[in-house]
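Visitor: Predicted structure and sequence below. I'll ask about it afterward.
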Amino acid sequence: MSAERDELRELVEQLPDEDVPAALADVRRRLRPVGERRWPPAFFGAGRAERSDVADRTEEILREGFGRPA
């Protein structure tokens, strides 16, 4: 979490109750709609392996230099 978000949270906690509705309305005006995201993303499961124990062999595969030019 960013320092700015932490500061915003602290400032909100210091607001007098009577100022909360106006601050809330201002924050709501600033929000932009976020598009609906599919889960899982399309790239999930995009890789295929010849063996079924790839996850179990992670450390071994990385030691062998996975992703490095041969």
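Guide: Arrived safely, thanks for sending. Keep in mind that this is a model prediction, so the values were computed, not measured. Residues are numbered from 1 along each chain as shown.
Visitor: Can you dump the C-alpha atoms of the helix or strand of the chain with the lowest mean pLDDT in PDB for me?
Guide: Within the chain, no helix or strand scores below helix 58-63, which has a mean of 84 by mean pLDDT, DSSP states H and E. Taking Å, rounded to 0.1, in the frame of the first residue of the first chain, the C-alpha atoms of helix 58-63 are listed here in PDB:
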ATOM      1  CA  THR A  58      10.500 -26.000  -9.600                       C
ATOM      2  CA  GLU A  59      13.800 -25.800  -7.800                       C
ATOM      3  CA  GLU A  60      15.500 -28.300 -10.000                       C
ATOM      4  CA  ILE A  61      14.200 -26.600 -13.200                       C
ATOM      5  CA  LEU A  62      15.500 -23.200 -12.000                       C
ATOM      6  CA  ARG A  63      18.900 -24.700 -11.100                       C
END
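Visitor: mind showing which ranges of this structure have poor pLDDT?
Guide: 1, 46, 70 (pLDDT under 70).
Visitor: hey, where'd the helices end up in the chain?
Guide: 3-14, 20-30, 58-63 (DSSP state H).
Visitor: Nearest to residue 36 among those would be which one?
Guide: Ranking the helices of the chain by proximity to residue 36 (CB to CB) places helix 20-30 first, at 19.4 Å. Heads up, the C-betas are built off the backbone N, CA and C, glycines and all.
Visitor: Next, the angle from the closest one to helix 3-14.
Guide: Put simply, helix 20-30 runs at 150 degrees to helix 3-14, going by axes from the mean of the first three to the mean of the last three CA atoms, to 10 degrees.
Visitor: Show me the contact partners of helix 20-30.
Guide: 12, 15 (CB atoms under 8 Å, 6 or more residues apart in numbering).
Visitor: try it again with 6 Å
Guide: residue 15 (CB atoms under 6 Å, 6 or more residues apart in numbering).
Visitor: circling back to that earlier point, redo the helices of the chain as a markdown table? Include mean neighbour count and distance to residue 47.
Guide: Conversion of the helices of the chain to a markdown table gives the following (neighbours: other CB atoms under 10 Å; distance: least, CB to CB, whole Å):
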| stretch | mean neighbour count | distance to residue 47 |
| --- | --- | --- |
| helix 3-14 | 9 | 34 |
| helix 20-30 | 9 | 39 |
| helix 58-63 | 11 | 12 |
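Visitor: Much appreciated, bye for now.
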